[in-house]
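1. Provided below for reference: sequence and predicted model.
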Amino acid sequence: MDIINKMSGPGRYLIGEEEKQEILDVLDTGHLFRFGGESDPQYKHKVVSFEDELKAHLGSEHCLALTGGSVGLLTSLAALGIGPGDDVIVPGYTFVASISAIIWARAVPILAEIDESLTIDPDDIEKKITDRTKAIMPVHMLGNPCDMDRIMSIARKHNLHVVEDCAQALGASYRGRKVGTIGDMGAYSLNHMKVISAGDGGAITTNDYDLYHRAFGVHDQGHLPSRYGEEIGKRGIIGLNLRMNELTGAVALAQVRKLDYILSTLRRNKKLLKDMISDILGIGFRRINDEEECATLLTIMFDDKKIADKFASKIGSGNMYDSGWHVYNHMEQILNKKMPTNVGCPFECKEHGKDVEYAPHMLPQTDDILSRSVSISIGVVDKGLGSAFGINLLSDEAEIEAVAATIRKAMQEL
């Protein structure tokens, strides 16, 4: 495994001729801007094609490509009108971008516990709702769908918006529906650690045309959708430039066509490995809310932290609690409210009416679950996620058997 592949998502392993040809198709004309005339032969509309193919794959009415998954969350919050004085409930176990997007929307993140699925605990969502709560941001963490039936029931009961963070779960399903199409909006990431990769980039989906209309304006200086580079009508809102370019779109287009193969391979390999070790005494597994998850990781759960630490040490990895900016305790910029001074800090805004404090170990259930959990790579190889050991998308059965043997040996030595 080369040094790049030691920190990589599954899509990275399949970058090849298809991506190259899509890029060369764009470079042959020199038209790199996402917009162009519909009848212009120089315009290859890679971004638009990616949006069309992704929304067809997900079963969504609308899809919008952007520069990243983080701005996908920010754009979604903006489209929903979430801002100063609003609270958004988000799990304390997620990549820091979920929380940062809420803050940059000038809203306030309210951290909630996770359960043994490693996704947000619906019971704790209920406890965190106040008259300031405007939205829930469930994060389909490590490719495992959240308990969306309960989350949507809570949202309907309290009239709350739902923004699904699908950065790590593109293509996963929950009870027959793709994640990102269940709530009001869904956001996806295409960076090098994700299920498919364009190096960077992202997308959002929604089934609501008005939300799509507003999101498009946010990402394109207030313009209306599908303008093909022309000024159409008066711009109704103030937007930004968060557009994906044609080169990124070219890679994303080639990658989305490989999504079914990636997911089927990951699911097969995870089942093989899990079956090989499921008889080992002392090993348990995290709860999976739907078997049509992404299967990028296999998370083993132990009875206590000491055993998890010893096991992780023997395989050259670490427990999930130590996985960097995915755990609220390690997000020093959040704990210390390090907003740029020229932006201001939403935590003490007068609309909110109170100071919001964050502190290490404020989510004891989350701390406990993560401290006794260890993840084995199936397709995402990332020390920062706690998955430095395992297999990758291209691993054959012999490699899977070798990893299973290492796990068995480590458990025997405990």
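-> Alright, I've got the coordinates. No experiment lies behind these values; they were computed from the predicted model shown.
2. Quick one: mean pLDDT for stretch 330-347?
-> Stretch 330-347 comes out with an average pLDDT of 76.
3. Next: stretch 14-31.
-> 98.
4. could we number from 30 for the rest of this?
-> Will do, 30 is the new start, and the previous item becomes stretch 43-60.
5. Going by contacts, tell me the helices and strands next to the strand or helix carrying Ile131.
-> Assigning secondary structure by DSSP states H and E places Ile131 in helix 125-133. Other helices and strands packing on helix 125-133, by 3 or more C-beta pairs under 8 Å, 6 or more residues apart in numbering; DSSP states H and E, are helix 98-108, strand 116-120, strand 137-141, helix 361-364. C-beta coordinates here come from the backbone N, C-alpha and C atoms, glycine included.
6. how about a cut-off of 6 Å?
-> Applying 3 or more C-beta pairs under 6 Å, 6 or more residues apart in numbering; DSSP states H and E, we find helix 125-133 packed against helix 98-108, strand 116-120.
7. The shortest one vs helix 98-108, what angle?
-> Angular relation of strand 116-120 and helix 98-108 on a 0 to 180 degree scale: 150 degrees, by axes from the mean of the first three to the mean of the last three C-alpha atoms, to 10 degrees.
8. partners of strand 116-120 in the sheet?
-> Strand 116-120 has the following strand partners under DSSP bridges: strand 137-141 (parallel), strand 162-165 (parallel).
9. that older thread, same list, the helices and strands packed on helix 125-133, but as a markdown table with mean pLDDT, mean neighbour count and distance to Ala337 please.
-> Shown next, in a markdown table, are these (pLDDT from 0 to 100; neighbours: other C-beta atoms under 10 Å; distance: least, C-beta to C-beta, whole Å):
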| stretch | mean pLDDT | mean neighbour count | distance to Ala337 |
| --- | --- | --- | --- |
| helix 98-108 | 98 | 28 | 29 |
| strand 116-120 | 98 | 26 | 20 |
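10. Would you mind giving the ones you listed as JSON lines with distance to Glu51 added?
-> JSON lines is the format used below for the helices and strands packed on helix 125-133 (distance: least, C-beta to C-beta, whole Å):
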{"stretch": "helix 98-108", "distance to Glu51": "21"}
{"stretch": "strand 116-120", "distance to Glu51": "35"}
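11. Just the helices from the stretch 230-379 of the chain, written as ranges.
-> Along the stretch 230-379 of the chain, counting by DSSP state H, counting those that start in this stretch, helices occupy 238-248, 275-285, 288-306, 334-344, 361-364.
12. And the helix or strand harbouring Val77, what does it pack against?
-> Using DSSP H and E, the element containing Val77 is helix 75-87. Packing contacts for helix 75-87, counted by 3+ C-beta pairs under 6 Å, 6+ apart, involve strand 91-95, helix 275-285.
13. And the contacts of the first one?
-> For strand 91-95, the external contacting residues (C-beta atoms under 6 Å, 6 or more residues apart in numbering) are 76, 79-80, 83-84, 101, 231-235, 241, 244, 248, 271, 273.
14. sorry, back to before: tilt between the helix holding Ile131 and strand 137-141?
-> Going by the same axes, to 10 degrees, helix 125-133 makes 140 degrees with strand 137-141.
15. quick one on the thing from earlier: can you check which of the helices and strands packed on helix 125-133 gets nearest to Asp397?
-> strand 116-120 (14.5 Å; C-beta to C-beta).
16. List the contacts of the closest one.
-> Here strand 116-120 has contacts from 127-128, 131, 136-139, 141, 143, 149, 154, 157, 161-162, 164-166, 168, using C-beta under 6 Å, 6+ apart.
17. and the residue lying closest to Thr235 once chain neighbours are set aside, how many neighbours?
-> In this structure, Thr235 finds its nearest non-sequential neighbour in Met214, 4.6 Å apart by C-beta to C-beta, 6 or more residues apart in numbering. Met214 has 29 neighbouring residues, counting by other C-beta atoms under 10 Å.
18. same question, the one 5 residues further on
-> For Leu219, the neighbour count with other C-beta under 10 Å is 33.
19. who are the neighbours in contact with it?
-> Leu219 makes contacts with Ser226, Ala227, Gly230, Gly231, Ala281, as judged by C-beta under 6 Å, 6+ apart.
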